[in-house]
Every structure is written in C-alpha cells, then in structure tokens.
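K.L.:
from the sequence below, what's the structure:
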Amino acid sequence: MTRQNSATATERIAVTARPARPAASGTLQAVLGVVAFSLTFPATAWGLEGFGPWALVAVRSVLAALIAGVCLLATRARVPERRYWPGLAVVAAGVVVGFPMLTTLALQTSTTAHAAVVVGLLPLTTALLSALRMGNRPSRTFWTAALAGAAAVVAFTVQQSGGALTTADMYLFAALLVCAAGYTEGGRLARVMPGWQVVGWALVLCLPLSVPAAALALSYEPVRLTAHSVAGLLWVAAGSQFLGLVVWYRGMAAIGVPKASQLQLAQPLLTLVWSVLLLGEHLTAAAPLTAAAVLVCIAVTQRARG
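P.N.:
Residues are numbered from 1 along each chain as shown. Sure, this is the predicted structure:
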C-alpha cells in the first residue's frame, strides 16, 4: 500500500513538472529565431553590395526553397491538406515575399540601424493581429508593457530621423503589416504541423514565382560577386529565410504568438550591435537608453499572462 502511494505521489510530481519543459524549449527556440533575424539587415546590406534589390530578394527565395524542398523530400513530409493552403499562402506572401522585398527596398536608402529600430514595432503589430485572428486576450499588464516598448522604439525612430518620415520608413511600416500577418498565420499553423514544414511549404509555394523573377532580375540588374555579397545572400537565404523561421515558428507554437512576439523587441537592439561590428555604422547615445527600456518591457511581457 505504501509503495502504491509512493508511486502515485511520484507520478503526480512528474505530471506537474512536465509542462515547464516545452515552455522553456519554446522560449529558447524563439530566442534563436530572434538572433537569426537580427542578422538579416546587415546581411542584406552586404548582399546589396553585389546584387540589385529585386535579384537579391528573388534569389534568396529560390535558394531557401531549394533547401526546404530537399528537407521535405528527405523526410518524406506529407503534402498539407487543402484547408491549410490558404494559411500557407498568407505566410508566403508576408514572410517569404513581402517582408524581404519591402525591407530590401528600404535598405537602399536607409541605414540598417534606422531600419532595425522601425521594425522594432513588429512585436506589437504581431500581438495585435494575433488577438484579432486567433482570439487571444492578453492581460492589461501585457498590453501596457508591449505599448511601452513600442513607444520607446517610436521615440527612438523619430529622434533619429529628425521628426520626418521617409520613403524608406513607408516601406518598413508596410513590411511590419505583412510580416506580422505571416507570423500570426504561421504560428497558428505550427500548432497542427511541424514549424519547419510551415516554412518549407510556404517557400515551395513561391517557387513558380521566384524562379522566373530571379531569372528576370539577374538579366536586368548587374551582379558583382564579392565575399560580402555572397555571404550576405547565403545568410538571408539559409539563416533568415529558412533556419531562423523554423525555430521561430516552433517557439511560437510552444509559448504562444503574443509572448514570442515580445521577445522580438530585442531584435532591433541586436541588429544595432551587428551594424556596428559588421558595417561600421555609428550609434547615438539614445541607443543604450532605448535598449534598457525595451529589455524591461520584455521582462514584464514574459511574466504577464498572455
């Protein structure tokens, strides 16, 4: 009788402790995704040294789709059911095509540091679209912290741009909307299929458009292969477009879209560091203050019920 009671008690403890593991793993994967994304703008700036904007976007999509296709074939992944294809189309339009295209156009005239701070609004945009699309109801504390983080990002952006929005900013704000839609739909689909397959099928779905687009762009835009341009292209294709999205969607599926999106508040700050280390850009004194404010907001949102 004693052994049975002990066994029962042990079993209860094991069941209680089990949910913490997926949450911790999901947070780690989301963080890895943020780190991968934080290198996207510096890598894009490198890629633009040797490729035109349209060629860079199209070729990165083709290369990422080839990587995804090989993985899907190697694992004999099943083709998603018809009901999931509209969602995959949203992911493809927002994450595979829209965001890379709009941000690449913006980076022709904007510094990576400025672009990174504007895109710092992505967590709040994603949380808003997630609430509308998936019926999430985060707490007031969550929303207060999210809005505070967004306000810090906006204040930094306005201060850096002298109070006037540019054409590049318009591209970046449009990129926020389409990317948030792709993140939200991808996070929803990652609950019913592996996250890497969500990314993989979205990339493959774009191949009929990306292949001819790449051929056309390469024929019109000059190409100058350098170590930087090749490294930048390879990173945005393999790191940002595929591997980063794989761990990001897995993380969102585990901890939820709102909380995962708030981890991305750290992305512009990481990008600022990369812009200094890799591109030699100079930061203003406002950057550390924004970093401190944003990190506090991240801590609050991760503790708040979402």
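K.L.:
name the residue closest to the centre of this protein, please.
P.N.:
By C-alpha atoms, centre = their mean, the mean C-alpha position of the chain lies nearest to residue 37, the distance being 5.6 Å.
K.L.:
who touches it in this structure?
P.N.:
240, 244, 248, 264, 267 (C-beta atoms under 8 Å, 6 or more residues apart in numbering). Yep, even glycine has a C-beta here, placed from its N, CA and C like the rest.
K.L.:
for the residues you listed, which two are the farthest from each other?
P.N.:
For the contacts of residue 37, the farthest-apart pair by C-beta to C-beta is 240 and 264; their separation is 13.3 Å.
K.L.:
these two: who's more crowded?
P.N.:
The residue with more neighbours, out of residue 240 and residue 264, is residue 264; 27 against 24, by other C-beta atoms under 10 Å.
K.L.:
pretty sure residue 274 contacts residue 38?
P.N.:
Yes: if you go by C-beta atoms under 8 Å, residue 274 and residue 38 touch, sitting 6.3 Å apart.
K.L.:
need the single longest helix in the protein, by residues.
P.N.:
What stands out as the longest helix in the chain, according to DSSP state H, is helix 195-220.
K.L.:
show me what the following helix or strand past it is packed up against.
P.N.:
Next in sequence after helix 195-220, counting helices and strands by DSSP states H and E, comes helix 227-234. Packing contacts for helix 227-234, counted by 3 or more C-beta pairs under 8 Å, 6 or more residues apart in numbering; DSSP states H and E, involve helix 40-47, helix 53-74.
K.L.:
dump these into TSV; add distance to residue 194 and mean neighbour count as well.
P.N.:
As requested, the helices and strands packed on helix 227-234 are exported to TSV (distance: least, C-beta to C-beta, whole Å; neighbours: other C-beta atoms under 10 Å):
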stretch	distance to residue 194	mean neighbour count
helix 40-47	23	27
helix 53-74	10	20
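K.L.:
save these as JSON lines, and put in distance to residue 225 and mean pLDDT too.
P.N.:
Output for those, formatted as JSON lines (distance: least, C-beta to C-beta, whole Å; pLDDT from 0 to 100):
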{"stretch": "helix 40-47", "distance to residue 225": "11", "mean pLDDT": "93"}
{"stretch": "helix 53-74", "distance to residue 225": "12", "mean pLDDT": "93"}
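K.L.:
what would the ones you listed look like in CSV with distance to residue 178?
P.N.:
Output for the helices and strands packed on helix 227-234, formatted as CSV (distance: least, C-beta to C-beta, whole Å):
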stretch, distance to residue 178
helix 40-47, 15
helix 53-74, 13
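K.L.:
of the ones you listed, which approaches residue 129 most closely?
P.N.:
With C-beta to C-beta as the yardstick, what comes closest out of those is helix 40-47 (20.3 Å).
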